[in-house]
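In: Test case, fold it:
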Amino acid sequence: MFERTVLTNGLRVVSMNLPHARSVSCALFLGIGSRHERDAACGISHFVEHMLFKGTTTRPTAKDISVAIEQLGGMLNAETGKEVTVYWDKVSGHHWRAAIELLADVIRNSLFDAREVDKERGVIIEELSMLVDSPVDWVHLLIDEVVWAGHPLGRDIAGNPTTIAVLTPRELRAHAATWYSSSNAVMAVAGPIEHAPIVDFVSKVLGDWQTGDRPESSPANGYASAGRIRLLTKDTEQTHMCLAMPGQSYADPDRYALDLANVVLGDGMSSRLFQEVRERRGLAYDVHSYVNRFRDTGSLVVYAGVDPPRAVETLRAIVSEVTRFASTIDDEEIARAKDFWKGRLDLRLEDTRSMASWIGSQELLLGHIQTAEDVIEQIDRVTREDVIRVATEVFRRENFSLAMIGPAADRATLDEVLGA
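Out: Residues are numbered from 1 along each chain as shown. You can find the predicted model right below:
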């Protein structure tokens, strides 16, 4: 079971004691991401994340930080999302204090040296440029632009070359000082360590961390609207497409019904889309679906990469599977989907890093933590009627949005396939 303590400065400390584990994973979650950024500073959260590995007052170079974790045989990394930024490290169990201290150091004492900022600016702009050379990745960002047009959720987390080129060390430092605060953070630890010594040590290194505000963001309700098609003509070997429908937030009570619908539709090689589009028709090597969830919105996305002359046929097959779903789903498919979902959950939670992420992300985003058993119980309560009702609401032609990258496609034909 997890345990939870709130320090006097508002920092939440959650831990999961795993007596048989040999490693400890520590993850510091911060409630700041690209969704909270101004248009003129888009990409700043991701830029700050990069800079926190470039030197601190006690470890002045990037190498010093790398040595600090690697001399223990550990790993250190970070990820910026649309609503969350997380810094994590993983070490052998007896080095857990060093792991927490290192996270505290980079979070609180980073230098934002102007020379390092300029070097990393070039790295990030190159990272953005690389995306254009990878349409299989680019199309997933493009569909977000279509679904959440004009909203920060539709932007690339890394920003764009124009904004990255002008962000200054002072702005980066101010961003971290404003949003990297105890009241906007959760420290999560998983491994063979009792809760009390974790709390004592976190209090020692982060107990005097300043409090602050939590960022506000414009609501996304109403942005996930349909009827949009974005075609990007590019001379590629494959046409890459994403068909999206509005989904649900991570707190919506129907989220598990949509999860099960997604499993049946396109998650795995036994899914309907894989069996129809790849196995029966041989139209695509890769076809699958996935769910995105945020505070007040979400999406379900189907991806396929196909030979350009067969793009329309593939899209037609996908649309057919989606639109007939609610009228054809049966109890056996739902039972298999539940077993699939529960089995994959167990596999995801096998190591300490996964457990730290499980408890930390829930505490930050939901304000409470569910155990795997709690979630499995909710999955088991989903009925066929629930799945049909949710699929009927979501899998509708009027909900469709499409992004496509590849050789020129006929817009009128795509409109006809989608029913637009």
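In: List the contacts of the residue nearest the centre of the chain.
Out: Nearest residue to the geometric centre of the chain (C-alpha atoms, centre = their mean): residue 81, 5.7 Å. Counting by C-beta atoms under 8 Å, 6 or more residues apart in numbering, residue 81 touches 33-34, 157. Where C-beta positions appear, they are placed from N, C-alpha and C, glycine not excepted.
In: now swap in residue 66 and tell me
Out: 53, 76.
In: Heading C-terminal from the helix or strand where it lies, find the next helix or strand.
Out: Using DSSP states H and E, residue 66 maps to helix 62-70. Sequence order places strand 75-80 as the next helix or strand after helix 62-70, per DSSP H and E.
In: Parallel or antiparallel, which strands does the very next helix or strand once past that following strand pair with?
Out: Downstream of strand 75-80, the first helix or strand assigned by DSSP H and E is strand 85-92. Strand pairing for strand 85-92, using DSSP bridges, gives strand 23-30 (antiparallel), strand 75-80 (antiparallel).
In: got those strands as JSON lines, with distance to residue 230 and mean neighbour count columns?
Out: Below are the strands paired with strand 85-92 laid out as JSON lines (distance: least, C-beta to C-beta, whole Å; neighbours: other C-beta atoms under 10 Å):
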{"stretch": "strand 23-30", "distance to residue 230": "32", "mean neighbour count": "27"}
{"stretch": "strand 75-80", "distance to residue 230": "24", "mean neighbour count": "18"}
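In: In JSON lines, list these along with mean pLDDT and distance to residue 287.
Out: Output for the strands paired with strand 85-92, formatted as JSON lines (pLDDT from 0 to 100; distance: least, C-beta to C-beta, whole Å):
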{"stretch": "strand 23-30", "mean pLDDT": "98", "distance to residue 287": "33"}
{"stretch": "strand 75-80", "mean pLDDT": "98", "distance to residue 287": "27"}
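In: that older thread, which of the contacts of residue 81 lies closest to residue 294?
Out: The closest of the contacts of residue 81 to residue 294 turns out to be residue 33 (C-beta to C-beta; 9.5 Å).
In: What separation do you get for that closest one and residue 206?
Out: From residue 33 across to residue 206, the span is 21 Å (C-beta to C-beta, to the nearest Å).
In: neighbour-wise, which of these two wins?
Out: More neighbours surround residue 33 than the other of residue 33 and residue 206, with 25 against 22 (other C-beta atoms under 10 Å).
In: For residue 17, see how far away the more buried one is.
Out: Taking C-beta to C-beta, one finds residue 33 at 30 Å from residue 17.
In: likewise residue 182?
Out: From residue 182 over to residue 17 (counting by C-beta to C-beta), the distance is 23 Å.
In: same question, residue 170
Out: For residue 170, the distance to residue 17 - C-beta to C-beta - is 43 Å.
In: Name the residue in these two with the higher neighbour count.
Out: The neighbour comparison of residue 170 against residue 17 (other C-beta under 10 Å) goes to residue 17, with 16 against 11.
In: dump the residue contacts of that one.
Out: 1, 3, 191-195.
In: Ok, residue 93 next?
Out: 21-24, 191-193.
In: Identify the structural domains in the protein and state their residue ranges.
Out: What automatic domain parsing lists as the domains of the chain is 2-206, 229-418.
In: what's the first-to-last distance across the first one?
Out: I take that to be domain 2-206. Domain 2-206 has an end-to-end distance of 20 Å (C-alpha to C-alpha, to the nearest Å).
In: Can you show me the strands along this structure?
Out: Residue ranges of the strands in the chain, as given by DSSP state E, are 2-6, 12-17, 23-30, 75-80, 85-92, 185-191, 229-233, 239-246, 284-293, 298-306, 401-406.
In: CSV please, covering those and showing distance to residue 127.
Out: Below are the strands of the chain laid out as CSV (distance: least, C-beta to C-beta, whole Å):
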stretch, distance to residue 127
strand 2-6, 35
strand 12-17, 32
strand 23-30, 21
strand 75-80, 12
strand 85-92, 16
strand 185-191, 26
strand 229-233, 19
strand 239-246, 19
strand 284-293, 21
strand 298-306, 22
strand 401-406, 19
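In: of the ones you listed, which approaches residue 355 most closely?
Out: Using C-beta to C-beta, these put strand 185-191 closest to residue 355, at 3.7 Å.
In: Other residues contacting that closest one?
Out: Applying C-beta under 8 Å, 6+ apart, the external contacts of strand 185-191 come out as 11-18, 21, 23-31, 93, 96, 100, 103, 198, 202, 206, 209, 352-353, 355-357, 359-360, 363-364.
In: ok, 7 Å please
Out: The contact list for strand 185-191 (C-beta atoms under 7 Å, 6 or more residues apart in numbering) reads 11-16, 18, 21, 23-30, 93, 96, 198, 202, 206, 352, 355-356, 359-360, 363-364.
In: what's the answer for stretch 322-334, then?
Out: Against stretch 322-334 from outside (C-beta under 7 Å, 6+ apart): 260, 264-265, 384, 387-388, 391-392, 395, 397.
In: Please apply the same query to stretch 132-150.
Out: 131, 153-154, 156, 220, 223-224, 228, 230, 232, 234, 236, 240-242, 244, 299, 301, 305, 401, 403, 405.
In: which among the residues you listed end up buried?
Out: 153-154, 156, 220, 223-224, 228, 230, 232, 240-242, 244, 299, 301, 305, 401, 403, 405 (16 or more other C-beta atoms under 10 Å).
In: Show me the shaky parts of the stretch 201-350 of the chain.
Out: 221-227 (pLDDT under 70).
In: What backbone torsions are found at residue 167?
Out: phi -70, psi 130 (degrees, to the nearest 10).
In: For residue 214, give me its contacts.
Out: 31, 183-184.
In: any chance of those in TSV, plus distance to residue 74, neighbour count and pLDDT?
Out: Formatted as TSV, the contacts of residue 214 follow (distance: C-beta to C-beta, whole Å; neighbours: other C-beta atoms under 10 Å; pLDDT from 0 to 100):
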residue	distance to residue 74	neighbour count	pLDDT
31	26	18	97
183	28	16	96
184	26	20	97
